[in-house]
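Enquirer: with the sequence up front, the predicted model follows.
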Amino acid sequence: MKHTLLATTALVAMTGAAAAEITISGTARIGVVTTEGAAATTGSATAAALTATDVQTANYLEGVYAAGGAASSFTGTAAYAAAAIATAEIDELQALIAAAKVVELTSLTLNGAVGATTAATQATTDLVTLEALLVKARGATAPANTAKAADTTVAKNRVRISFAGSGTTDGGLTYGFSARADHSNTSTGGSQYISGAFGKISMGDLNGGDEQLVGNLSGVGSSGAGSHQEFAYQSSSHNLGYSVSMAGVSFAATTDLVRGADATKTGSNSAYGVKYSGDMGGATIGLALGTSKIGNKTEDSMSASVSMGGLSIMAVSHTNDNGPATSAGTVQTGTAAYVAEAAASNLDTDTTGLSISYAMDAMSVTAYTRTESTSGVADKDYSGVGFTYNLGGATLKAGFVDANDISIMDFGINFSF
C-alpha cells in the first residue's frame, strides 16, 4: 500500500549565524473507548467513637455553656464506644451547640469569661468543636443506595499539528522552541529553550524536574484508556527549568514563576530530578530520583528501568506527604488544652507501579500495574494490557484496563505525518 509522508522544512539563512530550521509534523487518531458503569452500592453506616480527649472537651464545654454550669452527662474522662453513647449524651451536645450559637450571635458573656467580644469569638471556635463531637457521637451517615451505572461507548478522534524550530549562534549556543495546534484551530502553551556547555534553560509549558527524569509507566490503548499508567506529579505545570547531562548523569530543576498576583502560589514551589543511564552487560539501565515541594506538600519519587533487545521493564514509586492533618478546633481550660479529634485530612499516599513491554518486528505488547495506598482508605488498583501493530505510518492499537474494578476497552488507529 502506498504510504505518503508529509514533512515541511524551512531553512532560513541568517547573517552571522549558521542556520535556523523549522519543522512541521502531525499526529491523528480515530477509535472508540468503552467504559463499564460503576457497580451498584448499598449504603452502610459505621458509628464513630468518642475518645477520652473528646469526653474531657465535652465536660469542659458543659461547664461553659450549660445554665449554672450544670454537670455533664458524660461520665468521667473515659472514652465512649459507639454503642455506649446514649440519647442523653446526644441531647447534651445538641443543647450545647444551641447555647454556643446564642453566645456567638448575641455576644452573651460566657461562664467565667471576660468581655462579650471574647465570648463571641470563643463561641465560634467552640461551635466547630461541638459539631465535630456530635458527628462522631452519632456515627457516620449511611450513603444512599445507588443503582449500577450504564456502560458508555464514545468515539475518540484527534489531530495535532506540531511545530519545532532550532538554530545555532556563531558562539555555539543552541536555541529553539516547540508548540502545537490541536484540531487545527487552537493552540496550547509551547516551550522555548537555549542551551550550551552550561546546560539547557527552558521556559513555557514544562513538566517538573522530577517527572522529566523519573517518568511514568508504559500505557496501552489508542487514547490511553484513561491514562492510569501515569503518576500525579504535583509539579506538572512549571514554567522555568534548567537541565544538564554529563557522563551518563542528568540533572533537572524546575519552578513556577508566579505571573501576576496569585494567592495560591505560596511557600515552596520547586522540583528536582537526577538520573543515571548506562550500559551494563548489553542492557541499558536507568536509575532516577525526584523530589518536589509545593506549598507545604512534598513528594518523593524514584524509578528503575532496564531494556535489552525488545524487552523493556520500568518500576516507579511515589510517596506524597500532603501536609499536616487539621483538627476540628481547640478549647482550653486553665493551662490544659483539649482538641476534638476530627477525621484526619491530607492523608499521605504511596503509589507504586510496574510496566513491561516487548517488541517483535511490527508488533509490541505492553502490560502494567499500579497501586495507590492511602492511610485509612482502601487501596486503589489499576492494571492494563494491550498491543500495537505498525502498519507503516499508521499504527493499530488496542488496550484493556481494569481501573479499580471499572473495565475500560480502548481500540483505534493512530497516524503520524
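Expert: Ah, there it is.

Enquirer: do a quick rundown of the strands in the stretch 51-200 of the chain.
Expert: All strands of the stretch 51-200 of the chain, identified by DSSP state E, counting those that start in this stretch, fall at 152-168, 174-182, 186-196, 199-206.

Enquirer: out of those strands, nearest to G310?
Expert: Taking Cβ to Cβ, strand 152-168 is the member of the strands of the stretch 51-200 of the chain nearest to G310, at 27.4 Å. Any C-beta I mention is one placed from the backbone N, CA and C, and that applies to glycine too.

Enquirer: can I get that closest one as PDB, trimmed to CA atoms?
Expert: Extracted in PDB, the C-alpha atoms of strand 152-168 (Å, rounded to 0.1, in the frame of the first residue of the first chain):
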ATOM      1  CA  THR A 152     -20.700   4.000  27.900                       C
ATOM      2  CA  THR A 153     -19.100   3.900  24.400                       C
ATOM      3  CA  VAL A 154     -17.600   7.100  23.000                       C
ATOM      4  CA  ALA A 155     -15.800   8.000  19.800                       C
ATOM      5  CA  LYS A 156     -12.200   9.200  20.300                       C
ATOM      6  CA  ASN A 157     -10.700  11.200  17.500                       C
ATOM      7  CA  ARG A 158      -8.000  14.000  17.500                       C
ATOM      8  CA  VAL A 159      -5.500  15.700  15.200                       C
ATOM      9  CA  ARG A 160      -2.400  17.700  16.300                       C
ATOM     10  CA  ILE A 161      -0.100  19.800  14.300                       C
ATOM     11  CA  SER A 162       3.300  20.200  15.900                       C
ATOM     12  CA  PHE A 163       5.900  22.900  15.200                       C
ATOM     13  CA  ALA A 164       9.500  22.900  16.200                       C
ATOM     14  CA  GLY A 165      12.400  25.200  15.500                       C
ATOM     15  CA  SER A 166      16.100  25.200  16.300                       C
ATOM     16  CA  GLY A 167      19.200  27.200  15.400                       C
ATOM     17  CA  THR A 168      22.800  27.800  16.400                       C
END
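
Enquirer: about what we covered before: mind putting the strands of the stretch 51-200 of the chain in TSV, distance to D54 and mean neighbour count included?
Expert: Shown next, in TSV, are the strands of the stretch 51-200 of the chain (distance: least, Cβ to Cβ, whole Å; neighbours: other Cβ atoms under 10 Å):
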stretch	distance to D54	mean neighbour count
strand 152-168	45	14
strand 174-182	54	16
strand 186-196	50	14
strand 199-206	47	18
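
Enquirer: which one of those has the poorest average confidence?
Expert: Across the strands of the stretch 51-200 of the chain, the stretch with the lowest average pLDDT is strand 186-196; it has a mean of 75.

Enquirer: in the chain, which helix or strand is least confident?
Expert: When each helix and strand of the chain is scored by mean pLDDT, DSSP states H and E, strand 8-12 comes last, with a mean of 43.

Enquirer: list the buried residues in the helix or strand just after it.
Expert: Past strand 8-12, further along toward the C-terminus, the next helix or strand under DSSP states H and E is strand 20-35. Judged by neighbour count using 16 or more other Cβ atoms under 10 Å, the buried positions of strand 20-35 are 20, 22, 25-26, 28-29, 31, 33, 35.

Enquirer: which one of these is nearest G172?
Expert: For the buried residues of strand 20-35, the nearest to G172 is A20 (14.7 Å; Cβ to Cβ).

Enquirer: that closest one reaches G167, doesn't it?
Expert: Yes: the pair A20 / G167 is scored as a contact, 3.6 Å apart, by Cβ atoms under 8 Å.
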